[in-house]
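Visitor: got a sequence here, can you build the structure:
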Amino acid sequence: MMKNSTQVSYFTLAAYFDTGAFEFICFMIVMLLYLLILCANVLLIVVICMNRSLHEPMYLFLCSLFVNELYGSTGLFPFLLVQILSDVHTVSASLCFLQIFCVYTYASIQFSNLSIMSYDRYLAICCPLQYNTRMTFHKVAVLISLSWLYPFLAIFVLISLTIPLQLCGNIIPKVYCDNYSIVKLSCSDTTVNNVYGIIYTFTTVVLVLLILYTYMRILKVCFSGSKQTRQKAVSTCTPHLASLLNFSCGCFFEIVQNRFDMNRVPNMLRIFLSLYWLTCQPLFNPVMYGLNVTKIRITCKSVIFGKM
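Guide: Model prediction:
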């Protein structure tokens, strides 16, 4: 640890521990998980892009979601693979902030995508006669653009507030770089960082509440509608809700670990909880949507078995 306030040139990731003979096994497990994520998401992106019958708002939003999964995974997994095989778990400050930008924008884009997908399902189920006029191609393009541009701008500001901080240490108690961990190392005033972090967290919570409110409206319409309406709602909304709950739980684990003392929790469990929202979600979404959305499932079978 550094006693004086200074600008550090590198950070040490303290959550890694000596795995000994299991180092190669850990590397292979992470590599296999990364390959599965790449294959699953690329397959679904290709299926949606190549099949014109899937060029509808719902599937275009899904395509944006799968692209984000690839983006977030690429910001984490290659870094993990290098660190697992490394004896000295250090990372340069510039690379650390780059990873923070990738990981945080991935999370923000995820919530943005899920929110516009819930809005799309709301229009399709609650306002079916107005759906085609209200969800035009132009509106789809605007919503997807906003779901990517806003997170990039918001996280850019977040990191811009963190970089100038004078730090009294360079040890991050995780296996990847984390903005909150760096802010806690600061010897200078972090009031602006904390206020901005609260505002950013509040907007994310508002998005989640809006998504839940939208699905409550959808369920209300379904219970008062016909059997066909209920079946349509269940088949299209179940993957969205499952994805939202899975990702929200992962983020909740991460927030708890940041805010509270977790030293009594076994190190392996802490590592798993900190990585859950970044490793399980990119594989969970393609499996969930690939199995539950009929058009995607049928088209995937055609592509895999060469029956296009």
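Visitor: can I assume Val91 sits in a helix?
Guide: No: read with DSSP: H, G, I helix; E, B strand; the rest coil, Val91 is strand and lies in no helix.
Visitor: for it, which non-adjacent residue is spatially closest?
Guide: Nearest non-adjacent residue to Val91, counting by CB to CB, 6 or more residues apart in numbering: Phe11, 5.5 Å away. C-betas here are computed from N, CA, C, even on glycine.
Visitor: wait, what's in contact with that neighbour?
Guide: Phe11 makes contact with Thr90, Val91, Ala93, Cys96, Asn170, Ile171, Ile172, Cys177, Ile182 under the criterion CB atoms under 8 Å, 6 or more residues apart in numbering.
Visitor: list only buried entries from these.
Guide: By neighbour count, with 16 or more other CB atoms under 10 Å, those hold Val91, Ala93, Cys96, Asn170, Ile172, Cys177, Ile182 as buried.
Visitor: relative to Cys300, which of the contacts of Phe11 is nearest.
Guide: Cys177 (35.1 Å; CB to CB).
Visitor: hang on, the closest one in a helix?
Guide: No: the assignment for Cys177 (three-state DSSP) gives coil, which keeps it out of a helix.
Visitor: which strands or helices does the worst-scoring helix or strand of the chain on mean pLDDT pack on?
Guide: Using mean pLDDT, DSSP states H and E, helix 294-304 stands out as the lowest-scoring helix or strand of the chain, at a mean of 72. Applying 3 or more CB pairs under 8 Å, 6 or more residues apart in numbering; DSSP states H and E, one finds that helix 294-304 contacts helix 23-50, helix 57-85, helix 281-292.
Visitor: now the angle from the second one to helix 23-50?
Guide: Compare the direction of helix 57-85 with that of helix 23-50 by axes from the mean of the first three to the mean of the last three CA atoms, to 10 degrees and you get 160 degrees.
Visitor: same question, the last one
Guide: For helix 281-292 against helix 23-50, the angle between stretch directions is 50 degrees (the same axes, to 10 degrees).
Visitor: and helix 281-292, what does it pack against?
Guide: Using 3+ CB pairs under 8 Å, 6+ apart: helix 281-292 touches helix 23-50, helix 57-85, helix 227-259, helix 294-304.
Visitor: closest to Phe156 out of those?
Guide: Nearest of those (CB to CB): helix 57-85, 14.9 Å.
Visitor: buried ones in that closest one?
Guide: 57-77, 79-81, 83-84.
Visitor: below-threshold pLDDT in this structure: ranges please.
Guide: Low-confidence segments of the chain (pLDDT under 70): 1-7, 19, 225, 229, 232, 303-308.
Visitor: need the buried ones among the contacts of Phe11 in a markdown table (columns: distance to Ser118).
Guide: Converted to a markdown table, the buried ones among the contacts of Phe11 look like this (distance: CB to CB, whole Å):
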| residue | distance to Ser118 |
| --- | --- |
| Val91 | 36 |
| Ala93 | 38 |
| Cys96 | 34 |
| Asn170 | 41 |
| Ile172 | 34 |
| Cys177 | 31 |
| Ile182 | 33 |
